[in-house]
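Colleague: Sequence and predicted structure below; questions after.
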Amino acid sequence: MLALFGDVATELLVRLDGDEGLFRAYEMVEFLAPVRSGDFIEATGVITRVGSTSRTMAFEARRVAQNCRAQDLAASAADALSEPVVVCRAVGTCVVPRELQRKPRLVLPALSAQAPAHATLPEPRPLITPPPSVLVTPPPRDLVLTAAIVGAEITRKQTPHLPITAQEIADEAARCRDAGAAVIHLHVRNADGTPSQSTELFRAAIEAIRAKTDVIVQTSTGGAVGMSVDERAGPLGCRPEMATLNCGTINFGDDVFENSRPLIRDLARRIREAGSVAELECYEVGHVDEALSLVAEGLLTKPLHFQFVLGVPGGIGAREDVLRFLVSQVPEGSTWGVAAVGRHQRPMTELAMSLGGHARVGLEDNLYLDKGVLAEGSAPLVARAAAFARTIGREIATPERARALFGIERR
Ligand code: KMH
Ligand code: ZN
């Protein structure tokens, strides 16, 4: 496993610094599951911190296929696993002396730093055959990172890093912008921390953000479960650059997040009247069809921007086959991103970035940087996503570039 990680580290350093660098030390290595001969292991890595000469990296090795070991089958018979098994994780630090750091030239297109290791096949076979739309479209270079920094459901009890006041929200938005976010998905809170869709609270938060940074502010029209449509539409009074439009009802944990067809149409009209660009939140496959109905009815205009929200208990699962199918459903010329819940946030957003999509991270969807380690705000999650994006050759879009991609007029 460590030999694989060494190869991954070398590729990451070549991509970042144009130099192979040196591996200095592992700070942590966890062996999580046994590896046997005939297992097919895929190793990936991401740069999590860049010092003046040091580069810290997090690695993961997954078993993706294994030998059948059955007496009635050929010795070479192997099965692909429906879910990869994480067999090893590690964190290590490499060094590239200053004089060897140079701006790398991208010679060969490659999607990610990966070291496939197996004895019998020259190339790892994909577990699922990608639909043609995914295969033939080279990933766009620009990648928009959205930071969902407040949310409506998480509490200060769960994490002390949740911003509540307008100033705390603006500070966190600026930190996320510095880490690579172009869009802030915004909810606001009352002073006691409860969720609110008050126009005035949104205005205060947006003004505080504007005073500090140039991010696109995307206000929620989902609010919190149980809010009325008028309440949910509150932030549209601020004429935000962007606003979410939730495209269907789902079970949301033990609650029901109601988005009846009349309510969706009502909010779509209000978003259009506010001059905001809609981000289409889809928690189920049918929600994509609903968005397309809105286009047919003249309530939405292309280009469309979809956000696939994966892994909400009661909604569609956070799985590779699910994402590939959803992507195959969006019309040509659309953009799409992934927001995934809890432990799914990192792998599913990394998959989205590898497939050419955009990504949303942040405390609204996930509180943890690693198992049992609270993220100190959303900015570290953004920084990690940005580091991953760079390693696969994607360029982090500035807010200006994101405005151009989504057809937003600056306000
Ligand atoms: N709080 C969730 C029930 C959105 O912002 O548009 C809905 C939500 C979606 O967060
Ligand atoms: Zn939200």
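Modeller: Looks like it came in fine. Residues are numbered from 1 along each chain as shown. Ligands and ions are numbered 1, 2, ... in the order given.

Colleague: Contacts made by stretch 295-306 with the rest, please.
Modeller: By CB atoms under 8 Å, 6 or more residues apart in numbering, the residues outside stretch 295-306 that reach it are 245, 265, 268-269, 272, 277-280, 282, 288, 291, 294, 326, 330-331, 333-337, 406-407. C-beta here means a position set from N, CA and C on the backbone, and glycine is covered the same way.

Colleague: Can you list the low-confidence ranges for the chain?
Modeller: 104-139 (pLDDT under 70).

Colleague: Check it for the residue nearest ligand 1 and tell me.
Modeller: Nearest residue of the chain to ligand 1 (CB to the nearest ligand atom) works out as G222 at 2.6 Å.

Colleague: Skip the chain neighbours and tell me the closest residue to that residue.
Modeller: Closest residue in space to G222, ignoring its immediate chain neighbours: N246 at 4.9 Å, by CB to CB, 6 or more residues apart in numbering.

Colleague: That neighbour touches F257, doesn't it?
Modeller: Yes: at 7.1 Å, N246 counts as touching F257 under the criterion of CB atoms under 8 Å.

Colleague: More neighbours: which of those two?
Modeller: N246 (26 against 21; other CB atoms under 10 Å).

Colleague: for the more buried one, what are its contacts?
Modeller: If you count contacts by CB under 8 Å, 6+ apart, then N246 has 221-222, 257, 259, 264, 267, 281, 283 around it.

Colleague: Show me these that map onto strands.
Modeller: Mapping those onto strands (DSSP state E) picks out 257, 281.

Colleague: Need the contacts of N246 in a markdown table (columns: distance to P235).
Modeller: Listed next are the contacts of N246 as a markdown table, based on distance: CB to CB, whole Å:
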| residue | distance to P235 |
| --- | --- |
| T221 | 7 |
| G222 | 11 |
| F257 | 17 |
| N259 | 16 |
| I264 | 17 |
| L267 | 11 |
| E281 | 15 |
| Y283 | 20 |
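
Colleague: which one of the contacts of N246 has the most neighbours?
Modeller: T221 leads the contacts of N246 on contacts (other CB under 10 Å) with 31 neighbours.

Colleague: could you measure that residue against R411, distance?
Modeller: According to CB to CB, to the nearest Å, T221 and R411 sit 17 Å apart.

Colleague: buried subset of the contacts of stretch 295-306?
Modeller: Buried members of the contacts of stretch 295-306, scored by 16 or more other CB atoms under 10 Å, are 245, 265, 268, 272, 277-280, 282, 288, 291, 294, 326, 330, 334-337, 406.

Colleague: and this protein, which residues reach ligand 1?
Modeller: Listed as neighbours of ligand 1 in the chain under the rule CB under 6 Å from any ligand atom: 152-153, 220-222, 224-225, 244, 246, 252, 257, 281.

Colleague: If we use 5 Å, what do you get?
Modeller: For the chain, the residues in contact with ligand 1 (CB under 5 Å from any ligand atom) are 152, 220, 222, 225, 244, 257.

Colleague: those helices in the chain, which residues are they?
Modeller: Counting by DSSP state H, one finds helices in the chain at the ranges 2-17, 132-136, 166-179, 199-212, 229-232, 261-273, 285-296, 320-329, 345-354, 379-391, 399-406.

Colleague: out of these, nearest to V46?
Modeller: Nearest to V46, of all these, is helix 379-391, at 4.4 Å by CB to CB.

Colleague: contacting residues around the closest one?
Modeller: With contacts defined as CB under 8 Å, 6+ apart, helix 379-391 is touched by 12, 15-16, 45-48, 50, 58, 112-113, 143, 145, 147, 172, 175-176, 178-181, 345-346, 349-350, 353, 359, 361-363, 366, 369, 375, 395-396.

Colleague: L32 touches V87, doesn't it?
Modeller: Yes: if you go by CB under 8 Å, L32 and V87 touch, sitting 5.8 Å apart.

Colleague: ok, the nearest residue to T165 once chain neighbours are set aside to A208 distance?
Modeller: Nearest non-adjacent residue to T165, counting by CB to CB, 6+ apart: A191, 7.6 Å away. Computed as CB to CB, the A191 to A208 distance reads 15 Å.

Colleague: who has more neighbours, the two?
Modeller: A208 (19 against 9).

Colleague: Tell me who's in contact with that one.
Modeller: Counting by CB under 8 Å, 6+ apart, A208 touches 166-167, 169-170.

Colleague: can you list contacts of stretch 17-32?
Modeller: By CB under 8 Å, 6+ apart, stretch 17-32 touches 1-2, 6, 9-10, 13-14, 54-56, 86-96, 100-105.

Colleague: Same check on stretch 397-411?
Modeller: With contact meaning CB under 8 Å, 6+ apart, stretch 397-411 is reached by 142-145, 177, 182-183, 214-216, 239-242, 275, 277, 303, 305, 335.

Colleague: ChimeraX command to pick out the buried ones of these?
Modeller: A single ChimeraX command selects the buried members of the contacts of stretch 397-411 (16+ other CB under 10 Å):
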select :142,143,144,145,177,182,183,215,216,240,241,242,277,305,335
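
Colleague: what number of residues lie near the residue lying closest to Q66 once chain neighbours are set aside?
Modeller: Nearest residue to Q66, sequence neighbours excluded (CB to CB, 6+ apart): D39, at 5.0 Å. Other residues near D39 come to 20 when the count uses other CB under 10 Å.

Colleague: Hmm, D39 is touching A65, no?
Modeller: Yes: at 7.5 Å, D39 and A65 qualify as touching, with contact defined as CB under 8 Å.

Colleague: Cross the contacts of stretch 17-32 against strands and list the overlap.
Modeller: Under the assignment DSSP E, the contacts of stretch 17-32 contribute 54-56, 86-95 to strands.
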